[in-house]
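In: starting from these lines, generate the structure:
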Amino acid sequence: MAKRNFSRESRLLTPESFNSVFKDPIKAGSPSITVLAKENGLGFPRLGLIVPKKALKKAVWRNRVKRIARENFRNAQDKLSPLDFVVIAKGPAQNLSNRDLDEILTKLWNVIYRRYKKLHVPLSDPTK
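Out: Residues are numbered from 1 along each chain as shown. Predicted coordinates for the structure are as follows:
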């Protein structure tokens, strides 16, 4: 089993990293969370979190969403494509249970994966 951690190299840390994802991303969303993704060329996925104070007023709500998103990413990272992911939380996330947030994130990773694979379908061999 692969070691699952959320080290510094697994995070988006600079504004340039975030801005590259915002330019022509693969999108998946729900009423409470939006996920943007962009190929990173590194061979492993990375995660960035945006949990605005305007959407989630209390720090405990923001911290809970970030904690659940990091844990879900940590558990799923060996199955994820080599993309940079940005998770953006919205106001309705504060009313969801931890399990619901986890399930939504899992579904959104799958949607991103399907859309990424659709964009990167290998061309068939013309000799066959």
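
In: counting by contacts, list what the longest helix along the chain packs against.
Out: As assigned by DSSP state H, the longest helix anywhere in the chain is helix 98-119. Where contact means 3 or more Cβ pairs under 8 Å, 6 or more residues apart in numbering; DSSP states H and E, helix 98-119 is packed against strand 26-29, strand 33-39, helix 59-76, strand 83-89. In short, each C-beta sits where N, CA and C put it, glycine included.

In: nearest to residue 14, out of the ones you listed?
Out: Between residue 14 and these, the tightest spacing by Cβ to Cβ is seen for strand 83-89, at 11.2 Å.

In: below-threshold pLDDT in the chain: ranges please.
Out: 1-3, 121-128 (pLDDT under 70).

In: and if we set it to 90?
Out: 1-11, 40-44, 76-82, 91, 116-128 (pLDDT under 90).

In: what residue is smack in the middle of it?
Out: Nearest to the geometric centre of the chain sits residue 85, at 3.8 Å (Cα atoms, centre = their mean).

In: tell me what it is bridged to.
Out: residue 37, residue 47 (DSSP bridges).

In: list the contacts of it.
Out: Residue 85 makes contacts with 21, 35-37, 45-48, 73, 109, 112, as judged by Cβ atoms under 8 Å, 6 or more residues apart in numbering.

In: out of the helices and strands packed on helix 98-119, which is the most enclosed?
Out: For the helices and strands packed on helix 98-119, the largest average neighbour count (mean count of other Cβ atoms under 10 Å) is found in strand 83-89, namely a mean of 23.

In: now it: how far from the chain's centre is it?
Out: Centre-to-centre, strand 83-89 and its host chain are 4 Å apart (Cα atoms, centre = their mean, to the nearest Å).

In: could you give the angle of that strand to helix 98-119?
Out: Calculated by axes from the mean of the first three to the mean of the last three Cα atoms, to 10 degrees, strand 83-89 forms an angle of 140 degrees with helix 98-119.

In: relative to strand 33-39, how tilted is strand 83-89?
Out: Using the same axes, to 10 degrees: strand 83-89 against strand 33-39 is 160 degrees.

In: alpha carbons only: can I get stretch 99-111 in PDB?
Out: Presented in PDB, the C-alpha positions along stretch 99-111 are these (Å, rounded to 0.1, in the frame of the first residue of the first chain):
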ATOM      1  CA  ARG A  99     -19.800  12.500   5.700                       C
ATOM      2  CA  ASP A 100     -21.800  14.600   3.200                       C
ATOM      3  CA  LEU A 101     -18.800  16.800   2.500                       C
ATOM      4  CA  ASP A 102     -16.600  13.700   2.100                       C
ATOM      5  CA  GLU A 103     -19.000  12.100  -0.300                       C
ATOM      6  CA  ILE A 104     -19.400  15.300  -2.400                       C
ATOM      7  CA  LEU A 105     -15.600  15.600  -2.700                       C
ATOM      8  CA  THR A 106     -15.300  12.000  -3.700                       C
ATOM      9  CA  LYS A 107     -17.900  12.500  -6.400                       C
ATOM     10  CA  LEU A 108     -16.200  15.600  -7.700                       C
ATOM     11  CA  TRP A 109     -12.800  13.900  -7.900                       C
ATOM     12  CA  ASN A 110     -14.600  11.200 -10.100                       C
ATOM     13  CA  VAL A 111     -16.200  13.900 -12.300                       C
END
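
In: alright, I will stop here.
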